[in-house]
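J.: need coordinates for the following:
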Amino acid sequence: MAREPGDVVRHEPAEAPLGVAVAIVLLTIVELAFVGLFSAGVVLGWNSPNAQQILTFWLASAFLVLGVILALYRRFYLDDIIVVKQRKEKWEDLL
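T.: From the prediction side, this is the model:
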């Protein structure tokens with residue numbers, strides 16, 4: 001059976017568990033707290049080296065939590081779909 005480009009080979013629906021949804025909501029609250037702390041520190045003009053170290057920690061924590069949120073969303077809420085793609089020409093095809 002020949003498959004054409006664009007044909008769906010496999011499609012598995014996402015699980016979408018409730019526990020992960022609650023975890024994503026809680027992590028979103030933590031994310032907003034880190035972003036709020038960082039924004040407040042920048043607006044208030046914290047310029048000492050110790051304050052900048054704290055601001056850097058809050059910004060890094062915000063990015064880390066955002067990465068965890070995106071990983072959970074991608075793993076549990078996006079469908080697993082494999083689509084046939086057009087094969088690119090290799091150098092052997094040109095001979």
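
J.: in a strand, H11, correct?
T.: Yes: counting by DSSP: H, G, I helix; E, B strand; the rest coil, one finds H11 located in a strand.

J.: correct me if wrong: D80 contacts V9.
T.: No: the pair D80 and V9 fails to qualify as a contact (CB atoms under 8 Å) at a distance of 10.9 Å. Every C-beta, even on glycine, is put in place using the N, C-alpha and C of the backbone.

J.: find the centremost residue of this structure, please.
T.: L70 (2.8 Å; CA atoms, centre = their mean).

J.: ok, and that one, which helix or strand is that part of?
T.: helix 49-77 (DSSP states H and E).

J.: tell me what that helix is packed against?
T.: Taking 3 or more CB pairs under 8 Å, 6 or more residues apart in numbering; DSSP states H and E as contact, the helices and strands that helix 49-77 lies on are helix 18-43.

J.: tell me the mean pLDDT for the helix it packs on?
T.: In this model, helix 18-43 has a mean pLDDT of 97.

J.: which of the residues in it are buried?
T.: I24, E31, F34, V35, L37, F38, G41 (16 or more other CB atoms under 10 Å).

J.: which one among these gets closest to V65?
T.: E31 (4.6 Å; CB to CB).
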